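**Student:** here is a sequence with its predicted model. Questions after.
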Amino acid sequence: MRLIDRTRAEALANLWLAGPATVAMLVLIFIPVSIVALLSFTDYQFGARSFNWVGFDNYLILIKDPQARRAITNTIVYAAIVIPLSILFGLLVALGLHSVMRYAPRLSAVLRAAYFLPVAATLVAMAVVWQMLLHPNLGLVNHLLAAADIRGPAWLSDRGLVLYTLAVIGIWQTVGYNMVLFLAGLAAIPEHLYDAAEIDGANRGWERFWTVTWPMLGPTTLFVVVVTATGAFRVFETVATLTRGGPAFASDVLVYAIYREGFVYFKAGYSSAITMVFFVFVLLFTLAKFRLMESRVHYR
C-alpha cells in the first residue's frame, strides 16, 4: 500500500509540475498550428462568414506563384548568409572578450554591453536608424564612402544589393546574442582541461582551442545554431520596416509574405498554406541540424 501511495504521490507531483507547461503548449502551439493547417485547405478570407474546402489548391498556387518562389529563395539566401557569419563572429567576439576579462574586467563589461545593445534595443527603432545611415544621399555610410572617393550605392533600393544589406543588419543584430551564449559556454570549461592539454603538448592558442575549447563548446554551439537558424528563417521586422519586400520583391521573405497575404490581402487560406510550408521547412532544417551535429557533440 505504501508503494502504491508513493507512486500516486509521485504521479500527482509530476502532473502538477508538467501539467501547466503541457496545457500552455497545447493552447499556444499545437491547437493554433492545427487550426492553421485546416485553414490551408480552405479559401477562407478574414471577415467572411463562410468558406469552401479547396484541398491542395492553395499549395498548388504557392508552387506556381513566382512571388512565393522568390520569397522562398530570398529566405534561403538570407539564412545562408546570416547563420554561419553571425555564429562565427559571435564566437570570435566571445573568445576575445573572454581573454580581455582576465586582464581588464571593466573594459570587458563595457564591450559586452555594447555588443549586446542590438539585442536589447527595439528592432524597429534600430531599423529606422539603419534606414537613416543607409540613405543614398543623406546617410552617414555613403558620406564616409564619398570621403574616400567611392560612390555609395542605394543600399535599400538596389534590387541586387538589398537582400545582402538586410543580411548584414541581421548579422549585426544576432552577434551580441550569440556572444553571450558562447561566453557562458567558455566560462563553464574547467581550467584543468587546459592544463592537461598543455602537458600533452598543446601550448599554442590554436591548439588549445582545437583540442579543448571547441569540443567543450559542442552543446553551446548546437543550441546557438538552432536558435540562430530559427531567427534567420523568420526574419520580419527589418523587411517590414525598411523595404516592405521591395524593390520588386527583391527582399521579400516567407514571413513577410505570410503577413502580406493574410493581413493586407486578407487571404487567410493562402496565407495559412505559406505558414505550413514555412513550419515544415524550419522543422526539417532543425531536425537535420540535430541529426548532423548531435553525434559530434560531447555532453559533460
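**Tutor:** That came through fine.
**Student:** what's the neighbour count on residue 77?
**Tutor:** Neighbourhood size, residue 77 [other CB atoms under 10 Å]: 14. Bear in mind the C-beta positions are built from the backbone N, C-alpha and C, glycine included.
**Student:** and residue 158, by the same measure?
**Tutor:** 15.
**Student:** gap between residue 79 and residue 100?
**Tutor:** The gap separating residue 79 from residue 100 is 31 Å, by CB to CB, to the nearest Å.
**Student:** quick one, which of these two is more surrounded?
**Tutor:** The neighbour comparison of residue 79 against residue 100 (other CB under 10 Å) goes to residue 79, with 23 against 16.
**Student:** sort out which residues of the strand or helix carrying that one are buried, please.
**Tutor:** Counting by DSSP states H and E, the element that carries residue 79 is helix 66-103. For helix 66-103, burial by neighbour count (16 or more other CB atoms under 10 Å) applies to 68, 70-72, 74-76, 78-79, 81-83, 85-87, 89-91, 93-95, 97-98, 100-101.
**Student:** what is that helix packed up against?
**Tutor:** Judged by 3 or more CB pairs under 8 Å, 6 or more residues apart in numbering; DSSP states H and E, the packing partners of helix 66-103 are helix 57-64, helix 105-120, helix 162-187, helix 218-233, helix 254-259, helix 268-293.
**Student:** indicate which one of these is closest to residue 141.
**Tutor:** helix 162-187 (9.9 Å; CB to CB).
**Student:** so what does the helix or strand immediately after the closest one in the chain touch, helix or strand wise?
**Tutor:** Going down the chain from helix 162-187, the next helix or strand is helix 191-199, by DSSP H and E. Applying 3+ CB pairs under 8 Å, 6+ apart, one finds that helix 191-199 contacts helix 205-208.
**Student:** and the contacts of stretch 56-76?
**Tutor:** Contacts to stretch 56-76, defined as CB atoms under 8 Å, 6 or more residues apart in numbering, come from residues 40-41, 43, 163, 233, 235, 245, 249-254, 256-257, 269-270, 272-274, 277.
**Student:** between the helix holding residue 79 and helix 268-293, how many degrees?
**Tutor:** If you take axes from the mean of the first three to the mean of the last three CA atoms, to 10 degrees, helix 66-103 sits at 40 degrees to helix 268-293.
**Student:** need the distance between the two termini of stretch 113-131.
**Tutor:** Start-to-end span of stretch 113-131 (CA to CA, to the nearest Å) is 23 Å.
**Student:** how about it: buried residues?
**Tutor:** By neighbour count on 16+ other CB under 10 Å, the buried set for stretch 113-131 is 115, 118-119, 123, 126-127, 130-131.
**Student:** so which residue is smack in the middle of the protein?
**Tutor:** The chain has residue 231 as the residue nearest its centroid, 1.6 Å off, counting by CA atoms, centre = their mean.
**Student:** check the offset of stretch 36-47 from the chain's centre.
**Tutor:** Put simply, stretch 36-47 sits 27 Å off its chain's centre (CA atoms, centre = their mean, to the nearest Å).
**Student:** contact partners of that stretch?
**Tutor:** 51-59, 262-263, 266-269, 272-273, 275-276.
**Student:** quick one: secondary structure of residue 46?
**Tutor:** coil (DSSP: H, G, I helix; E, B strand; the rest coil).
**Student:** next, residue 42: phi, psi?
**Tutor:** Here is the backbone geometry of residue 42 (degrees, to the nearest 10): phi -130, psi 170.
**Student:** could you give the number of residues near it?
**Tutor:** Residue 42 is flanked by 21 other residues according to other CB under 10 Å.
**Student:** could you check how far it is from residue 270?
**Tutor:** 10 Å.
**Student:** cool, and residue 172?
**Tutor:** Note on residue 172: its distance to residue 270, by CB to CB, is 33 Å.
**Student:** these two: which has the busier surroundings?
**Tutor:** The neighbour count for residue 172 versus residue 270, taken as other CB under 10 Å, is higher for residue 270 (28 against 16).
**Student:** now find how far off-centre the lowest-mean-pLDDT helix or strand in the chain is within its chain.
**Tutor:** Across the helices and strands of the chain, mean pLDDT, DSSP states H and E gives its lowest value to helix 2-25, namely a mean of 75. Relative to the centre of its chain, helix 2-25 is centred 34 Å away, using CA atoms, centre = their mean.
**Student:** phi and psi next, for residue 53.
**Tutor:** Phi and psi for residue 53, reported as degrees, to the nearest 10, are phi -80, psi 130.
**Student:** that one: neighbour count?
**Tutor:** 11.
**Student:** now do the same contact list for it.
**Tutor:** Contact analysis of residue 53 by CB under 8 Å, 6+ apart lists 41-42.
**Student:** for it, give the beta-bridge partners.
**Tutor:** Per DSSP bridges, the residues bridged to residue 53 are residue 42.
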